[in-house]
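Prediction below, plus the sequence it came from.
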Amino acid sequence: MVRRMWLLLAATMLLIALCQPFLQARPTLYQTEKQAALALAQQAQALLGPRISGPEYSWITTTLAPPEAKRLSRHPDFAAVSVGWLKQAGVGPGSRVAVNLSGSFPALNIAVLAAIEAVGAQPVITSSVGASTWGATDPEFTWLDMERELVAAGLWRWRTVAASLGGVGDSGGGLTAEGKELAQAAIHRSGANLIAATDLQGAIGRRLQLYRGETGELPPVLVNVGGSHVLFGEAGHRAPLPQGLNRGYHPLLVAQDGLAAAFLQTNRPVIHFINVRQLAAQYGIAADTPPGTSGAFFTRQLPPFLRILAGCWLAGVIWLLWRGNKAGFCLQQSNNK
């Protein structure tokens with residue numbers, strides 16, 4: 001029986017290998033919006049050039065991050081990934097979207113804003129200045145400075161309405177006094193309001209107040225880029241929040257007090273960008289992948305006749321395994337008599 005199982009498994013693996021050359025590229029949904037977002041992201045990155053990445057360490061560096069993840073985050077196809085998640089969350093023209101950005105992944109911030117512009121949504125943006133290594137760590141050219149240039153260039157009109165220092169507690173924890181002063185100066189240059197809460201709960205509450213605005217209701221969706229302390233609340237990174245589109249009930253998260261919990265508790269989806277390398281592997285994005293050709297734009301599928309053949313083969317394997325188990329059970333019962 002065991003030998004038969006191994007033979008069937010080997011034959012199935014052989015079938016999978018033989019099918020690989022016949023896989024065909026099929027366009028994914030929302031091609032128009034994805035192409036528009038891709039073009040915007042490319043324009044934004046071209047405008048910023050190498051300034052999109054700051055030095056490894058500076059006065060406003062908060063945490064460590066691998067440089068390869070920062071390089072990979074600059075692939076413009078992440079704008080198409082953002083479009084896909086936004087559309088799956090029900091976002092369309094005129095939809096309100098809460099957006100929480102940090103200085104750690106400026107290229108992903110651009111991808112998200114390009115996607116929001118492409119689908120015609122209306123974002124309410126909050127940001128934090130502090131950044132992990134190789135992010136927007138130049139105190140004289142922070143994420144807020146980048147955002148200001150992109151708006152001035154006419155790529156989109158959305159700007160951060162309020163910003164915090166970031167870091168531990170969202171109040172500059174981990175930064176020196178000089179680092180905090182430089183972060184505050186960047187917020188002042190941008191024209192955004194300073195989120196100057198005395199504790200983490202105050203920072204979370206202020207953001208929620210801004211997201212609600214005059215309507216008094218939270219937007220239907222929250223998009224977060226990076227590992228901001230305000231996303232998870234007092235639990236910090238111990239609070240589980242999978243990358244990507246999250247909706248429904250998260251038992252451990254909804255008991256927490258961060259931004260994500262506030263949205264999930266009221267059945268509002270949360271889109272979370274954090275593990276760039278994992279996300280790139282999921283969508284087949286490498287540093288040398290030509291823009292517009294990744295899994296965000298195309299899926300690989302077998303032709304219909306091969307799908308039918310593969311389905312029949314798998315059904316046959318399951319039947320043979322079931323028959324073998326049944327025969328073995330009958331033989332065991334016979335020997336026990």
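In hand now; what should we look at? Numbers count the residues shown, from 1 in each chain.

how about low-confidence regions in the stretch 201-337 of the chain?
237-239, 252, 254, 301-307, 309-310, 313, 317, 320-337 (pLDDT under 70).

residue boundaries of the strands in it?
221-225, 244-246, 270-273, 298-301 (DSSP state E, counting those that start in this stretch).

How far off centre is the longest one?
The chain centroid and the centroid of strand 221-225 are separated by 8 Å, computed with CA atoms, centre = their mean, to the nearest Å.

Quick check, central residue of this protein?
Phe273 (2.5 Å; CA atoms, centre = their mean).

What's the local residue count around the nearest residue to that one once chain neighbours are set aside?
Excluding the flanking residues, the one nearest Phe273 by CB to CB, 6 or more residues apart in numbering is Val225, at 4.6 Å. C-beta: built from backbone N, CA, C; applies to glycine. Counted with other CB atoms under 10 Å, residues neighbouring Val225 total 29.

Tell me how far the residue nearest to the centre of the chain lies from Ala46.
Phe273 is 22 Å from Ala46, where distance means CB to CB, to the nearest Å.

before we move on, what about Pro251?
In terms of CB to CB, Pro251 sits 44 Å off from Ala46.

Which positions in stretch 284-299 come out as buried?
Gly284, Ile285, Thr289, Pro291, Gly292, Ser294, Gly295, Ala296, Phe297, Phe298 (16 or more other CB atoms under 10 Å).

and what of stretch 56-66?
So stretch 56-66, judged by 16+ other CB under 10 Å, has buried residues Ser58, Trp59, Ile60, Thr61, Thr62, Thr63, Ala65.

Just name the closest of those residues to Gly169, please.
Proximity of the buried residues of stretch 56-66 to Gly169 (CB to CB) peaks at Thr62, which lies at 11.2 Å.

who's in contact with the closest residue to that closest one other than its chain neighbours?
Once flanking residues are discounted, Thr62 sits nearest to Gly130: 4.0 Å by CB to CB, 6+ apart. With contact set as CB atoms under 8 Å, 6 or more residues apart in numbering, Gly130 has these partners: 60-62, 102-104, 165-167, 172, 174-175, 183.

same deal with Arg268?
Taking CB under 8 Å, 6+ apart, one finds Leu218, Pro219, Pro220, Val221, Leu222 in contact with Arg268.

what's the answer for His272, then?
So His272 contacts Asn224, Leu231, Leu241, Pro242, Gln243, Gly244, Asn246, Ala260 (CB under 8 Å, 6+ apart).

6 Å - rerun?
Shown in contact with His272 (CB atoms under 6 Å, 6 or more residues apart in numbering): Asn224, Leu241, Gln243.

what are the bridge partners for it, then?
Asn224, Gly244 (DSSP bridges).

Now the buried members of the contacts of Gly130.
Here, 16+ other CB under 10 Å leaves Ile60, Thr61, Thr62, Ser102, Gly103, Ser104, Leu165, Gly166, Gly167, Gly172, Leu175, Ala183 buried among those.

on that earlier part again, please flag which of the contacts of Gly130 sit within helices.
Judged by DSSP state H, those include Ala183 as members of helices.

can you put the contacts of Gly130 in TSV and add pLDDT and distance to Thr142?
What follows is these, written out as TSV (pLDDT from 0 to 100; distance: CB to CB, whole Å):
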residue	pLDDT	distance to Thr142
Ile60	98	7
Thr61	98	11
Thr62	96	12
Ser102	96	10
Gly103	98	6
Ser104	97	11
Leu165	97	11
Gly166	96	10
Gly167	94	13
Gly172	95	13
Gly174	93	16
Leu175	96	13
Ala183	98	8
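
hmm, which two among the contacts of Gly130 are most spread apart?
Of all pairs in the contacts of Gly130, the most separated under CB to CB is Ser104 and Gly172 at 14.9 Å.

Could you report the pLDDT at the closest residue to Gln122 other than its chain neighbours?
Of all residues not flanking Gln122 in the chain, Arg96 sits nearest, at 5.2 Å (CB to CB, 6+ apart). Looking at Arg96, its pLDDT is 98.

how far away is Arg96 from Gly216?
Arg96 is 12 Å from Gly216, by CB to CB.

These two: which is more packed in?
The neighbour comparison of Arg96 against Gly216 (other CB under 10 Å) goes to Arg96, with 18 against 7.

Would you check that that one makes contact with Pro219?
Yes: the criterion here is CB atoms under 6 Å, and Arg96 meets it with Pro219 at 3.8 Å.

Would you map the helices across the stretch 101-250 of the chain?
106-119, 143-152, 177-190, 200-212, 229-232 (DSSP state H, counting those that start in this stretch).

could I get the ones you listed as CSV with distance to Gly54?
Output for those, formatted as CSV (distance: least, CB to CB, whole Å):
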stretch, distance to Gly54
helix 106-119, 9
helix 143-152, 10
helix 177-190, 12
helix 200-212, 23
helix 229-232, 21
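
can you tell which of the ones you listed is closest to Trp134?
helix 106-119 (10.2 Å).

So which elements touch the closest one?
Helices and strands touching helix 106-119, by 3 or more CB pairs under 6 Å, 6 or more residues apart in numbering; DSSP states H and E, are helix 31-48, helix 78-88, strand 221-225.

Before I go, just wanted to say thanks for your time.
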